[in-house]
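Asks: Sequence first, predicted model second:
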Amino acid sequence: MKEVSSVLGDSSSSLLLSLLLAQLHLLASAFPAQPRRIQTDFDKLTNQTRHLLKLTQDLLKDPVFGTEVDHHRFKSLPAISSRVSDLSSLEFKPTLSQLYADLKSFEHHFEWLNRTRKQQHSSVPKLTDMISHIKSLIHSLQRQMTRAEASRIPVPSPSLPPNLAFHWEVVQSSQELLQRFRLFCDWASRVFLTLKSRLPA
């Protein structure tokens, strides 16, 4: 009887071990897909940002923007850091949160400028396509923030210039905003690449 009990006990242990190994195999095969999916999502964020950079550069080629802008009309635009050394000190969650807040700020400014452009019947290029792509990038970024459990930084109402009464004011405001956004897109694309490089392989 003892030998039978011993055999049964060994069989039960072997069965349990087999079940555990099978579960571990399933888990091991399931989880590698998650990092790959996140890396693909960061590729999309980078590509969306580069597309916005290209849109901005094309808009700035319009002949209407033929003069340099010396003053700063927009006091509430994000401060853009462009030092390569700053990339090495980025923290994952806070960086996603800050990029989201910065994009929302630019979105508010561009929407205001687009309304002003329409009211003035200005010859400044349309910003509708630009705004649409900004909203799409914000949506993609929100998904990554949800996955990473990154908090949303409150975005204050922008401090906008007074009503633009003249065409040249609309032109200069548009040019300044596009130039600042060009810097942001260049920086943000580098940030997304840096964050992606820190993801598990």
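Replies: Looks like it arrived, so ask away.
Asks: How much space separates the closest residue to residue 111 other than its chain neighbours from residue 47?
Replies: With sequence-adjacent residues excluded and distances taken as C-beta to C-beta, 6 or more residues apart in numbering, residue 111 is closest to residue 131, at 6.1 Å. In this view, the C-beta of every residue, glycine as well, is placed from N, C-alpha and C. According to C-beta to C-beta, to the nearest Å, residue 131 and residue 47 sit 18 Å apart.
Asks: Now do the contacts for the residue nearest to residue 111.
Replies: By C-beta atoms under 8 Å, 6 or more residues apart in numbering, the residues touching residue 131 are 107, 110-111, 114.
Asks: So which of these belong to helices?
Replies: 107, 110-111, 114 (DSSP state H).
Asks: Make TSV out of the residues you listed and add distance to residue 136 and neighbour count.
Replies: Shown next, in TSV, are the ones in helices among the contacts of residue 131 (distance: C-beta to C-beta, whole Å; neighbours: other C-beta atoms under 10 Å):
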residue	distance to residue 136	neighbour count
107	11	18
110	13	19
111	15	15
114	16	17
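Asks: chain center to the strand or helix carrying residue 36, what's the gap?
Replies: Per DSSP states H and E: residue 36 is located in helix 33-60. Remark: helix 33-60 is offset 8 Å from the chain centroid, using C-alpha atoms, centre = their mean, to the nearest Å.
Asks: related to what we said a few turns ago, among the contacts of residue 131, show me the least confident.
Replies: In terms of pLDDT, the weakest of those is residue 114, which scores 89.
Asks: Just give the nearest non-adjacent residue to that one, would you?
Replies: Leaving aside its sequence neighbours, residue 114 sits nearest to residue 127 (C-beta to C-beta, 6+ apart; 4.4 Å).
Asks: count of neighbours near the one you found?
Replies: 21 (other C-beta atoms under 10 Å).
Asks: Tell me the spacing between it and residue 101.
Replies: 21 Å.
Asks: One more: residue 116?
Replies: Using C-beta to C-beta, we find residue 116 at a distance of 23 Å from residue 101.
Asks: who's more crowded, those two?
Replies: Taking other C-beta under 10 Å, residue 116 and residue 101 do not tie; residue 116 has more neighbours (19 against 15).
Asks: Report the contact partners of the more buried one.
Replies: 122, 163-164, 170, 173.
Asks: what angle sits between the helix or strand where it lies and helix 33-60?
Replies: For residue 116, the element it lies in under DSSP H and E is helix 92-120. With axes from the mean of the first three to the mean of the last three C-alpha atoms, to 10 degrees applied, the angle from helix 92-120 to helix 33-60 works out at 30 degrees.
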